[in-house]
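1. Fold the following, please.
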Amino acid sequence: MRPEDRRQKIMDILLEAGSASIEDLANSFAVSKMTVHRDLDDLEQAGLLRKVHGGASIESSPQFESDFRYRERMAAAEKRAIARHAVSLIEPGQIIILDDSSTAGAMASLLTEVRPLTVITNNLSAITALSGVAGIQLIALGGAYSKKFNGFFGIVTDEALKSLRADIAFLSSSAIEGTQAFHQDQEVIQIKRQMIRSARRSYLLADHDKFSRQALHFLADLDLFEAVLTGGKITPEASAALADGDVKLISTHSEESENSA
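-> Numbering: from 1, shown residues only. Reported below is the predicted structural model:
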C-alpha cells in the first residue's frame, strides 16, 4: 500500500473511532510501529490529527480542533435542532452570513423555507447545498480552501467580507468558558470576527458540549451576540455564568421539553 493511501485509511479509522493506538494501526496495515509513527507525524504536521501517548486522536483539545467530517457526526440531532431554530429567526428578503461550522452548515437545506434570501458563506457544504437553488442569491466567499474545516479562509476571504454587509450572521465556536467564546485556530477566528463586524446582529450556535470548555484563542465576548443558541442542557455553573453576564441563552432542549409537557 502506498504511504498516501495508508494515511488516508488511518484518517478513515480516526473519523470513525475518534482515536486509535499505534499498535492497532500497525497491526491493521501490517507495518512497523515506526512506519505508523512517521505516518502520524506527517498527518499531525498537516493539522489533521494530534498524537497522544501510544496513539493518535482526532477529537478536539484546547489546541486542536477536529476534522469537519468528524464534527459533522457529533451531536448531529442537536445541531439539526439548533439549525432549525436559527432558521426561524430569519425573515424572507434578508441577507445572512453562515460560517464554516457544521451547525451553520445544517441550516443550508432549511433555508428554502424562508426564501428569498441572500446567503454569504465560506462553508463549502452550504455552498454546495445552495448552488442553483431558486430564490437564494448565493455569495460564496473565496480564499484558500481548508479540507479540515471544509471552508475558505485567508486574506481573500477577509477582504471579501469587509466589502459586504448583512442582516444576521450565524457562527459557532469550539469552546465557551464563562461569558467568552474561544477557538483553536487563529485564521478561523479572523474570519469569524469579520463576519460579526459585517452583520447588524449575530447569533452563536453551540451544542451543549461546547460549554465549560477551553480553546487556545479568544474569539469574542458573548454579549456581542443577540443570543447563544444551544440544543441540550448545560451545567448549572455554565447557566449561572451566562445569567450573571446578561447573556441570552436559547435552548431548543427547553422548548422541546415544554412542548412535550
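2. okay, the closest residue to residue 71 other than its chain neighbours: pLDDT?
-> For residue 71, ignoring the flanking residues on the chain, the nearest one in space by C-beta to C-beta, 6 or more residues apart in numbering is residue 102 at 4.9 Å. For the C-beta atoms, the positions are set from N, CA and C on the backbone; glycine is no exception. What the model reports as pLDDT for residue 102 is 91.
3. check contacts around residue 102.
-> Neighbouring residues of residue 102 by C-beta atoms under 8 Å, 6 or more residues apart in numbering: 68, 71, 72, 79, 125, 172.
4. My guess is the fifth one contacts residue 149. True?
-> Which is residue 125. No. Counting by C-beta atoms under 8 Å, residue 125 does not reach residue 149; the two are 10.7 Å apart.
5. Neighbour count for those two, which is higher?
-> A count of neighbours by other C-beta atoms under 10 Å puts residue 149 above the other of residue 125 and residue 149, at 25 against 21.
6. How about the contacts made by that one?
-> 65, 68, 100, 185, 188.
7. Try it again at 6 Å.
-> The neighbourhood of residue 149, defined by C-beta atoms under 6 Å, 6 or more residues apart in numbering, consists of 68, 100.
8. What about residue 92, how many residues nearby?
-> Using other C-beta under 10 Å: residue 92 sits among 10 other residues.
9. Can you give the contact residues for stretch 221-238?
-> Here stretch 221-238 has contacts from 78, 81-82, 85-86, 179-180, 201-208, 211-212, 247-253, using C-beta under 6 Å, 6+ apart.
10. Need the buried ones from these selected in PyMOL.
-> The PyMOL selection below is limited to those of these classed as buried (16 or more other C-beta atoms under 10 Å):
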select buried, resi 78+81+82+85+86+179+180+202+203+204+205+206+207+208+211+247+249+250+251+252+253
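11. Quick check: the gap between the closest residue to residue 239 other than its chain neighbours and residue 238.
-> Distances taken as C-beta to C-beta, 6+ apart put residue 249 closest to residue 239, at 7.0 Å, once the chain neighbours are dropped. Applying C-beta to C-beta, to the nearest Å, the value for residue 249 to residue 238 is 9 Å.
12. same check, this time on residue 250
-> 14 Å.
13. returning to what we had before: I'd assumed residue 242 was in contact with the residue nearest to residue 239.
-> Yes. Counting by C-beta atoms under 6 Å, residue 249 touches residue 242, with 5.2 Å between them.
14. who touches both of these two?
-> Common neighbours of residue 249 and residue 242, using C-beta under 6 Å, 6+ apart, do not exist here.
15. Does residue 94 touch residue 167 like I think?
-> Yes. Between residue 94 and residue 167 a contact is recorded at 4.3 Å, counting by C-beta under 6 Å.
16. what packs against the longest helix along the chain?
-> The residue-count maximum for a helix in the chain (DSSP state H) belongs to helix 3-17. For helix 3-17, the elements it packs on are helix 33-45, judged by 3 or more C-beta pairs under 6 Å, 6 or more residues apart in numbering; DSSP states H and E.
17. which element follows the helix it packs on toward the C-terminus?
-> Heading C-terminal from helix 33-45, the first helix or strand you meet, by DSSP states H and E, is strand 50-52.
18. Now the element after that following strand, going C-ward?
-> Beyond strand 50-52 toward the C-terminal end (DSSP H and E), the next one is strand 55-57.
19. Could you pull up phi and psi at the residue nearest to residue 180 when sequence neighbours are not counted?
-> Nearest non-adjacent residue to residue 180, counting by C-beta to C-beta, 6+ apart: residue 221, 5.7 Å away. For residue 221, the backbone dihedrals (degrees, to the nearest 10) come out as phi -70, psi 140.
20. What is the burial count for residue 221?
-> Based on other C-beta under 10 Å, the number of other residues close to residue 221 is 13.
21. Begin at 39, not 1, for the rest of this chat.
-> Sure, I'll start counting at 39 from here, so that last one is residue 259.
22. Now name the helix or strand holding the closest residue to residue 230 other than its chain neighbours.
-> Leaving aside its sequence neighbours, residue 230 sits nearest to residue 209 (C-beta to C-beta, 6+ apart; 5.3 Å). Element membership of residue 209, judged by DSSP H and E, is strand 204-210.
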